[in-house]
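> based on what follows, work out the 3D shape:
(4 chains)
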Protein chains: 2
Amino acid sequence: MDRQEQFKALIKHKGLKVTQQRLLVLEVLESHHDTHMAVEDIYDLIRKDHPDVGLATVYRTVQLLLEMQLIDRIYLNDGCVRYELGHLFDGGHKHNHHHLICKTCNKVISFKEDLLERLEQQIEKTEAFRIDDHELKFYGQCKECIRKEDGK
Amino acid sequence: MDRQEQFKALIKHKGLKVTQQRLLVLEVLESHHDTHMAVEDIYDLIRKDHPDVGLATVYRTVQLLLEMQLIDRIYLNDGCVRYELGHLFDGGHKHNHHHLICKTCNKVISFKEDLLERLEQQIEKTEAFRIDDHELKFYGQCKECIRKEDGK
DNA sequence: TTCATTGCAAATTATTTGCATTTGA
DNA sequence: TCAAATGCAAATAATTTGCAATGAA
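Model prediction:
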C-alpha cells in the first residue's frame, strides 16, 4: 500500500472524506519531501495547476495532517513555520528531527543519526521523564558559506 | 559586575541609551530566569508596576536584546514564541538549549548536558558543516502526568 | 440525499511601523 | 541641546472562522 492509499484509508477511518484538495496537499509534500515547506509554498505549488483551491483549505488540510501525525511542524529560527512529511509514512519507526541550519544562508540540511539513544535513556532515569520523540538542531555554517567567507 | 551593569555597559558601547523600559524588560527576564516567556507575559508583568509602558516598546526591547544575543528565542511546539535569558550572561560558555517538553501539560523542563560534543565533531566531519550552537528538545511525558494517567 | 468540505471574505492574533512627543547623555 | 527612544494608533502579516455553495459517499 503506497502513501496515498494509506492516507485514504486513514481519512476514511476517521469518517472524513477524501477530497481532491487533501490529495493535492499530500502530493506536494511528497514531491518536496527533502525540503521544509511553509503553507504559502504549498499553496503556490497547488495553485499552478489548480488555481481555485483556497488558501484557507490548505491551512485546514495542513492542520488535519498535523493532527493525524502524518506531517511535522518545524520552527527554524527565522520565525517561519514549516511542515514536512512525518515519520509514520517512513515505516513507523522512531521519529527524528535532525537539522543543520546555516546561519548565513539559512539552508537547512537534514540528517539521520541515532546516537541520541544513550542520552535519552540517561535522561529518562535522572529526570523521570518519558521521552517519545526529539528534535535536534545544529546552527552554524555550511561548507559553501565557509568557502565564500574565506574568499573575501 | 552584575548582569545589570554588564547590560548597561553593552548598551552604552553600542551608542544606545539606558532607559527605564530596557532595564524593566531585563529585570523581568532575570526574575523569571527559569521559565520561557512570551512577549505578552513580559508586558503584563511590567504593567503591574509601570502601567504606561507600551507593548511596542517591549517588542522593540526584546528585538534589541535578541540582536545583542543577551536573550534567546524559543519555539515550543504550541506555536508560541518565547524568550529566555541567554548564555552570554552565564559566563559566555557554549550555548545549549536543552528542553524536556511534556506533551500532556506543556511544562518545559530545562536541563544541562554536554554529551552532544562527540556527535557534533562527527557531523562537522561528515557533513562539512561548522557547528556553533545547538538546540535539543525531547518530547514526552513528565512524571506528574505519567502518574495522573496511571491513576485513571 | 446529506453532511463534510470548500472558497471567499471578514475576523482575529501577533508583530511592526509612522509619527509626534518625551527623555537620557 | 538633540538624536534616540517611547507611546499610541494605524498598518501589516499570518492564521482562523462564519457562512452559503459545492461535492463525496
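> only C-alpha atoms for contact and neighbour calcs from this point on.
Fine.
> pull the longest strand from chain A.
The longest strand of chain A (DSSP state E) is strand A:129-142.
> and the next element down the chain from it?
helix A:143-151 (DSSP states H and E).
> now do that following helix against strand B:129-142, angle only.
For helix A:143-151 against strand B:129-142, the angle by axes from the mean of the first three to the mean of the last three CA atoms, to 10 degrees is 140 degrees.
> close to chain B, is helix A:143-151?
Yes - judged by CA under 8 Å from any CA of the partner chain, helix A:143-151 comes into contact with chain B at A:Lys143.
> please name the residues that touch A:Arg82.
For A:Arg82, the contact set (CA atoms under 8 Å, 6 or more residues apart in numbering or on different chains) comprises A:36-39, A:73-76.
> hmm, try it at 10 Å
The neighbours of A:Arg82, taking CA atoms under 10 Å, 6 or more residues apart in numbering or on different chains as the test, are A:35-42, A:72-76.
> leaving out chain neighbours, which residue sits closest to it?
A:Ala38 (4.3 Å; CA to CA, 6 or more residues apart in numbering or on different chains).
> among the contacts of A:Arg82, which two are most distant?
Comparing all pairs in the contacts of A:Arg82 by CA to CA, the longest separation belongs to A:Ile42 and A:Leu76, at 17.2 Å.
> ok, those two, which is more surrounded?
A:Ile42 (23 against 18; other CA atoms under 10 Å in any protein chain shown).
> the more buried one reaches A:Leu29, doesn't it?
Yes - counting by CA atoms under 10 Å, A:Ile42 touches A:Leu29, with 7.4 Å between them.
> give me the common contacts of those two.
Common neighbours of A:Ile42 and A:Leu29 (CA under 10 Å, 6+ apart) are A:Tyr83.
> quick one, strands of chain A?
According to DSSP E, the strands that chain A contains are A:71-75, A:81-85, A:96-102, A:108-110, A:129-142.
> how about the ones you listed, which one is nearest A:Val53?
Closest among the strands of chain A, using CA to CA: strand A:81-85, at 18.9 Å.
> hmm, the closest one touching DNA strand D?
Yes - Strand A:81-85 comes into contact with DNA strand D (CA under 7 Å from any atom of the strand), by way of A:Val81.
> with just CA atoms, put that strand into CSV.
What follows is strand A:81-85, C-alpha atoms only, in CSV (Å, rounded to 0.1, in the frame of the first residue of the first chain):
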residue,chain,number,x,y,z
VAL,A,81,6.5,27.8,10.4
ARG,A,82,7.2,25.0,8.0
TYR,A,83,6.0,21.4,7.5
GLU,A,84,7.4,18.2,6.3
LEU,A,85,6.2,14.6,5.8
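> alright, I will stop here.
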